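Q: here is my input, please return the structure:
(chains A and B)
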Amino acid sequence: KNEVEQSPQNLTAQEGEFITINCSYSVGISALHWLQQHPGGGIVSLFMLSSGKKKHGRLIATINIQEKHSSLHITASHPRDSAVYICAVGHMRFGAGTRLTVKP
Amino acid sequence: DAGVIQSPRHEVTEMGQEVTLRCKPISGHNSLFWYRQTMMRGLELLIYFNNNVPIDDSGMPEDRFSAKMPNASFSTLKIQPSEPRDSAVYFCASRSRGVTDTQYFGPGTRLTVL
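A: So this is what the prediction gives:
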């Protein structure tokens, strides 16, 4: 069993829809990261979470340390949000990624 | 700041050749990471340095791989001899302080070993 599990693996949405990507982990952590990998391959760190909730624009990330679970939400999704979203914990164990496609 | 700089961006080589990938972290960052990404295995941590000292190299696949950080502004990842299964995108990332800080990724080096 992977230490970091993401779901779903693939997600297709219509523009404007609310998106949720989930991450569960089995190891103790001090921080969890959400990364975005663009179609061109570049990787950007979206959030680092150690507790609670963070918001940046249309993106919201939450973490429940007791449940060992985090979610990434995208409100009012847009085609430019199409990317692979990767959850990572510790130094750094990665989920397999969620490929999001937002159709206009 | 120019961000994390990696070179070359693309490398094509033949099996058995030595390959050296280079990374310049963001100035002032004291942690540096090397990652490998493949379709089969996704992103994997190879090694990370803190204050130029290797802290965890458990992800380095085998003795053919070596990494150095001779100073705070430069690191290399060397593969000798290279094999086709080493074909992947290799990312370097740097971070300013502790594990709770943001990592900044370089653009990656796409390595193809024929």
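Q: just list whatever residues bridge to the residue most central in space within chain B.
A: Nearest residue to the geometric centre of chain B (C-alpha atoms, centre = their mean): residue B:34, 3.1 Å. Beta bridges link residue B:34 to residue B:47, residue B:92, judged by DSSP bridges.
Q: state the pLDDT value of it.
A: Looking at residue B:34, its pLDDT stands at 97.
Q: again with residue B:98
A: Reported pLDDT for residue B:98: 66.
Q: same deal with residue A:92?
A: Confidence score, pLDDT, at residue A:92: 73.
Q: contact partners for it?
A: Counting by C-beta atoms under 8 Å, 6 or more residues apart in numbering or on different chains, residue A:92 touches A:33, B:33, B:35, B:43, B:45, B:103. Yep, even glycine has a C-beta here, placed from its N, CA and C like the rest.
Q: the third one: neighbour count?
A: When neighbours are counted by other C-beta atoms under 10 Å in any protein chain shown, residue B:35 registers 26.
Q: surely it touches residue B:45?
A: Yes: the pair residue B:35 and residue B:45 qualifies as a contact (C-beta atoms under 8 Å) at a distance of 5.7 Å.
Q: now do the buried residues in stretch A:66-78.
A: By neighbour count on 16 or more other C-beta atoms under 10 Å in any protein chain shown, the buried set for stretch A:66-78 is A:68, A:70-74, A:77.
Q: hmm, I typed the wrong one, I wanted stretch A:45-52.
A: Applying 16+ other C-beta under 10 Å to stretch A:45-52 flags A:45-49 as buried.
Q: can you pull the residues of chain B lying near chain A?
A: Within reach of chain A by C-beta under 8 Å from any C-beta of the partner chain, chain B has these residues: B:33, B:35, B:42-45, B:48, B:56, B:89, B:91, B:93, B:99-105, B:107-108, B:110.
Q: filter the buried residues of stretch A:45-52 by proximity to chain B?
A: Okay, of the buried residues of stretch A:45-52 touching chain B (C-beta under 8 Å from any C-beta), that's A:45, A:48.
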